[in-house]
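A.B. asks: need a structure here:
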Amino acid sequence: MIGTQPKGRGGVLDDPTLAPFWEAANARGSVIFIHPVFESGDDRVHDYGMANAVGRITDTLIAVSRLIYAGHIARYANAKIVVGIGGAALPYVIGRLRRNYELDKTNLGDPDLALASLYYDTIVQDARTLRYLVDIVGSGRIMIGSDMPFPIGDPAPLKIVEATPLSEAERTALHHGTAQRLLGL
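C.D. replies: Next comes the predicted model:
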């Protein structure tokens, strides 16, 4: 597991000094789970529990979007990257990510290829959202998550899978199939 902001607040995962890390992870086929360390850096999330509800999602969205646009997802394709919090809004902003890419294809990594390469967990706390995630990235890219011991996590992670309209094959993938394949179990 790695944090979204290496080297402390404001650090970025596409920092050129981290190239040896990414090269080693790629060479080893490492599974890397990206988890927020801080909130988004926006002081407006410091009330109402929004650091957990919104800030950590935007922090992860920013961190992984940088990896996508920097080309890291494609360049280090053998590293298997898991994005927590159900992809941290990436699947829900794919249209905007794609449009930004279309404006500058020569300098930006392709977000559609990246989303198809990443893995995700089920920490979305809403069955409709989980169904949407399955529709966007496919059940073979999603696995059960809990975010425990954090209070915003899912204390009963199997319930959302059971509450979501899924085929038996999709349910099997989320329950254990994706994790087994990803982790070589």
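A.B. asks: Helices along this protein, start to end?
C.D. replies: Here the chain has its helices, by DSSP state H, at 19-28, 50, 56-70, 72-75, 84-87, 94-103, 111-117, 127-137, 157-163, 168-172, 178-183.
A.B. asks: okay if I get those as TSV plus mean pLDDT and mean neighbour count?
C.D. replies: In short, each C-beta sits where N, CA and C put it, glycine included. Compiled in TSV, the helices of the chain are given as follows (pLDDT from 0 to 100; neighbours: other C-beta atoms under 10 Å):
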stretch	mean pLDDT	mean neighbour count
helix 19-28	98	14
helix 50	93	17
helix 56-70	96	22
helix 72-75	98	18
helix 84-87	96	25
helix 94-103	98	14
helix 111-117	98	18
helix 127-137	98	18
helix 157-163	96	15
helix 168-172	98	14
helix 178-183	97	16
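A.B. asks: possible to save these as a markdown table with distance to I34?
C.D. replies: Below are the helices of the chain laid out as a markdown table (distance: least, C-beta to C-beta, whole Å):
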| stretch | distance to I34 |
| --- | --- |
| helix 19-28 | 12 |
| helix 50 | 21 |
| helix 56-70 | 6 |
| helix 72-75 | 11 |
| helix 84-87 | 6 |
| helix 94-103 | 16 |
| helix 111-117 | 13 |
| helix 127-137 | 15 |
| helix 157-163 | 19 |
| helix 168-172 | 24 |
| helix 178-183 | 14 |
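A.B. asks: Between these, which one is closest to G8.
C.D. replies: With C-beta to C-beta, the closest approach to G8 among the helices of the chain belongs to helix 56-70: 13.0 Å.
A.B. asks: okay, the angle between that closest one and helix 94-103?
C.D. replies: 30 degrees (axes from the mean of the first three to the mean of the last three C-alpha atoms, to 10 degrees).
A.B. asks: quick one: the residue nearest in space to the middle of the chain from R66, how far?
C.D. replies: Centroid-nearest residue in the chain: V83, 1.9 Å away (criterion: C-alpha atoms, centre = their mean). V83 sits 12 Å away from R66, taking C-beta to C-beta, to the nearest Å as the criterion.
A.B. asks: Give me the contacts around stretch 175-185.
C.D. replies: V31, K80, V82, Y119, S139, G140, R141, I142, M143, I144, L158, V161 (C-beta atoms under 8 Å, 6 or more residues apart in numbering).
A.B. asks: before we move on, what about stretch 112-119?
C.D. replies: Contacts for stretch 112-119 (C-beta under 8 Å, 6+ apart): 64, 67-68, 73-74, 77, 80-83, 87, 90-91, 94, 98, 136-137, 141-143, 178, 182.
A.B. asks: Check stretch 148-157 too.
C.D. replies: Residues outside stretch 148-157 that contact it (C-beta under 8 Å, 6+ apart): G49, N52, A53, T122, I123, Q125, I144, G145, S146, D147, I160.
A.B. asks: Buried ones in it, by neighbour count?
C.D. replies: D154, P157 (16 or more other C-beta atoms under 10 Å).
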